[in-house]
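Trainee: Sequence first, then the predicted structure:
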Amino acid sequence: MIKTDISRRDFLRLSAAVAAGAILSACRPAAPPTAAVEEVVEEAPAATPVPEKVPEKEKVKITMWFHDFLYVQFFTDRANEYAKMHPEYEFEFEIVQIPEIADKFIGTLVAGTGAPDIVGVEQGWMPRLFKGGLAEKGMYDLNPWMELEGAGFKDKFLRWELYTYEGKTYGVESALCPSVYYYREDIFGQAGVDPNTFKTYDDFIEGGQKLKKETGSYMLPLDTVGGDYFLLPMLQNDGNIFDDKGNVVLDSPQNVEALQFYYDLAYRYEVGYATAEFWGAGLTAAYKDGTVVGVIGPDWYSDYVMKQSLKELSGKWRAAFMPVFRPGGRRTTVWGGTGMGVTKQSKYPEIAWEILKYTYMTKENQVKRYLEIHYFPTMLDALEDPRIVEAEDPFFGGQKLGALFAEVAPEVPIYYASPYKTEALDILSKDVITPVMAGEKSAEDALKDAAKKLKEVMAEGG
């Protein structure tokens, strides 16, 4: 908990009214000394100054919930800055990391009490708020506030789709989430393979097979039970789960191609490391012992995952553009995101919005966000800021990752939202990735069956 105690305004200068006493004198004929009478009038003392009553400072407590400790760090620093800029308030900030934030926050909306002022809603569970009107019930539509900022204010930022439903926008995106290929330069060097020379995935596979032959290492991990990691090649290949109108497109040709490629990396070309422990100790160990020496990941993957669990490998990693499926294709993809919003249970919604706007919607703080936690800007004016593209990252041997992200930023694909995206991801994991990676179903059949099942769920309103 951070408590910042600041004055509301400087004390008013005290004014004192000083009453001047009159000194009287009398003139009379001289009298004998023994009969002289001296009349003395004492000067009145100055009045004691009475200070004007100073109103108490307005006390404001702002609470914030996030699933990511890096958000806690970033918002803490910005909140302290904001407090110093606004001495009219006595602020108390409670900014905390909530591991099981989705269930807890949804519980507060159902109960009608207990929600924070500002909340970070990860894009994966945002659709749970769309269903049943929970978002409308519990969170402010940010559009009216942004309209007050002036025409075109909202258009200065990217990635609204994941947090917008029925014309209302409930969150400001936390990062653009462009992806690159992170790799161990030392081990690739041993094999004489340079990922910067890969143009297409044919090059990637060829280089991966040489790497495997020379070092025994795999190019990247492949999740065999979860659907999230498959989204990277799917979206890069212009696939999606839903289209911009909410229709199911899970079984599109682009998705079938991407899924077959995903399977082939592991079992046909044998350059992908199939694992059921993508988020567990198994993959961490594989990174550390050199079994896996690369990973396709977004901006946040470096600070949130790699720099936390692979500290002893600092300086050995580098990053390169992703290969493309075909010439002219996207050199990047997208994964993740969190929408920062204001809840309707806030006692100070306007102040909460101003803090959110200051923290996430000013160019200076978009730059700070990248420099401090390496979450790439969503503000157009900040994408190619020299402070970002020239920033050196020691974990990556001093490489300027910001320059890579800036170059591919225009290629980041759109990932469409839907109230049924949570169900879709569950189906994708259980009915697509798991059986396909186990060799029990073809990519085409699995996606076709999954699309049918998802449409049935939507028809039933489940």
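Mentor: Nice, thanks for sending it over.
Trainee: If we ignore the residues flanking it in sequence, what's nearest the residue nearest to the spatial centre of the chain?
Mentor: Centroid-nearest residue in the chain, with C-alpha atoms, centre = their mean: S174, separated by 2.7 Å. Spatially, and ignoring its direct neighbours in sequence, S174 is nearest to T338 (4.0 Å; C-beta to C-beta, 6 or more residues apart in numbering). Bear in mind the C-beta positions are built from the backbone N, C-alpha and C, glycine included.
Trainee: right, and M322 touches L235 too?
Mentor: No - using C-beta atoms under 8 Å, M322 makes no contact with L235, being 11.4 Å away.
Trainee: Now for those two: what residues contact both?
Mentor: T333 (C-beta atoms under 8 Å, 6 or more residues apart in numbering).
Trainee: Compute the distance between the residue nearest to the centre of the chain and Q73, please.
Mentor: Distance, S174 to Q73, using C-beta to C-beta, to the nearest Å: 13 Å.
Trainee: likewise I98?
Mentor: 15 Å.
Trainee: Can I take it that Y182 is in a strand?
Mentor: Yes - looking at Y182 with DSSP: H, G, I helix; E, B strand; the rest coil, it is inside a strand.
Trainee: show me what contacts it?
Mentor: 294-297, 301-302, 306, 317-319.
Trainee: Got the phi and psi for M219?
Mentor: phi -70, psi -40 (degrees, to the nearest 10).
Trainee: got a pLDDT number for it?
Mentor: Listed pLDDT for M219 reads 98.
Trainee: One more: P99?
Mentor: P99 is given a pLDDT of 89.
Trainee: my read: it touches F69, true?
Mentor: No - using C-beta under 8 Å, P99 makes no contact with F69, being 10.0 Å away.
Trainee: of the two, who's got more company?
Mentor: F69 (14 against 7; other C-beta atoms under 10 Å).
Trainee: what about the nearest residue to that one once chain neighbours are set aside, how many neighbours?
Mentor: Among residues not flanking F69 along the chain, Q97 sits closest, at 5.0 Å (C-beta to C-beta, 6+ apart). By other C-beta under 10 Å, 16 other residues sit near Q97.
Trainee: Kindly report the same for L250.
Mentor: Other residues close to L250 by other C-beta under 10 Å number 25.
Trainee: try M64
Mentor: M64: 25 neighbours (other C-beta under 10 Å).
Trainee: need the contact list for it.
Mentor: With C-beta under 8 Å, 6+ apart, M64 has these contacts: 72, 75, 79, 93-96, 116-120.
Trainee: before we move on, what about K168?
Mentor: By C-beta under 8 Å, 6+ apart, the neighbours of K168 are 135-136, 141, 143.
Trainee: which ones among these are found in helices?
Mentor: Among those, the ones falling in helices (DSSP state H) are 135-136, 143.
Trainee: how about the strands in the stretch 251-400 of the chain?
Mentor: Remark: strands assigned in the stretch 251-400 of the chain by DSSP state E, counting those that start in this stretch are 272-275, 294-298, 317-320, 338-342.
Trainee: Give the buried residues for the second one.
Mentor: Applying a neighbour-count criterion of 16 or more other C-beta atoms under 10 Å, the buried positions in strand 294-298 are 294-298.
Trainee: ditto for stretch 153-166
Mentor: Buried residues in stretch 153-166 (16+ other C-beta under 10 Å): 154, 157-165.
Trainee: Now render those as a markdown table, adding pLDDT, secondary structure and distance to S442.
Mentor: Formatted as a markdown table, the buried residues of stretch 153-166 follow (pLDDT from 0 to 100; DSSP: H, G, I helix; E, B strand; the rest coil; distance: C-beta to C-beta, whole Å):
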| residue | pLDDT | secondary structure | distance to S442 |
| --- | --- | --- | --- |
| K154 | 98 | helix | 43 |
| F157 | 97 | strand | 41 |
| L158 | 96 | coil | 36 |
| R159 | 96 | coil | 34 |
| W160 | 96 | coil | 36 |
| E161 | 94 | helix | 31 |
| L162 | 95 | helix | 30 |
| Y163 | 97 | helix | 35 |
| T164 | 95 | strand | 35 |
| Y165 | 94 | strand | 34 |
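Trainee: Just name the closest of those residues to I355, please.
Mentor: Nearest to I355, judged by C-beta to C-beta, of the buried residues of stretch 153-166 is F157 at 17.0 Å.
Trainee: ok, so of the contacts of K168, who is nearest L404?
Mentor: Closest approach to L404 among the contacts of K168 (C-beta to C-beta): N143, at 32.9 Å.
Trainee: Find the residue closest to that closest one in space, skipping its chain neighbours.
Mentor: T169 is the one closest to N143 (C-beta to C-beta, 6+ apart), at 5.3 Å.
Trainee: what's the closest non-adjacent residue to K61?
Mentor: Leaving aside its chain neighbours, K61 sits nearest to E92 (4.4 Å; criterion: C-beta to C-beta, 6+ apart).
Trainee: For the one you found, the count of nearby residues, please.
Mentor: Under the criterion other C-beta under 10 Å, the count of neighbours that E92 has is 16.
Trainee: Over to A266?
Mentor: Neighbours of A266 using other C-beta under 10 Å come to 19.
Trainee: likewise Q399?
Mentor: Applying other C-beta under 10 Å, we find 18 other residues in the vicinity of Q399.
Trainee: Across the sheet, point out what pairs with it.
Mentor: Beta bridges link Q399 to D393 when assigned by DSSP bridges.
Trainee: wait, isn't it in contact with R318?
Mentor: Yes - if you go by C-beta under 8 Å, Q399 and R318 touch, sitting 5.7 Å apart.
Trainee: tell me the domain boundaries of the protein?
Mentor: Domain ranges of the chain: 58-176+336-361, 179-333+413-460, per automatic domain parsing.
Trainee: want to throw these into a markdown table with distance to E392?
Mentor: Written out in a markdown table, the entries for these read as follows (distance: least, C-beta to C-beta, whole Å):
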| stretch | distance to E392 |
| --- | --- |
| domain 58-176+336-361 | 19 |
| domain 179-333+413-460 | 12 |
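Trainee: Of all those domains, which one is nearest L404?
Mentor: Relative to L404, the nearest member of the domains of the chain by C-beta to C-beta is domain 179-333+413-460, separated by 5.6 Å.
Trainee: what's the offset of the closest one from the middle of its chain?
Mentor: Remark: domain 179-333+413-460 is offset 22 Å from the chain centroid, using C-alpha atoms, centre = their mean, to the nearest Å.
Trainee: Stretch 335-351 now?
Mentor: Worked out by C-alpha atoms, centre = their mean, stretch 335-351 lies 12 Å from the chain centre.
Trainee: Return the set of buried residues in that stretch.
Mentor: Under 16+ other C-beta under 10 Å, the buried positions of stretch 335-351 are 335-343, 345-346, 348-349, 351.
Trainee: Looking at the residues you listed, which two lie furthest apart in space?
Mentor: Spanning the widest gap among these are W335 and Y348, at 33.9 Å by C-beta to C-beta.
Trainee: before we move on, back to that, just put the contacts of M64 in a markdown table and tack on neighbour count.
Mentor: Converted to a markdown table, the contacts of M64 look like this (neighbours: other C-beta atoms under 10 Å):
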| residue | neighbour count |
| --- | --- |
| V72 | 18 |
| F75 | 23 |
| A79 | 21 |
| F93 | 21 |
| E94 | 14 |
| I95 | 21 |
| V96 | 13 |
| P116 | 24 |
| D117 | 24 |
| I118 | 26 |
| V119 | 30 |
| G120 | 24 |
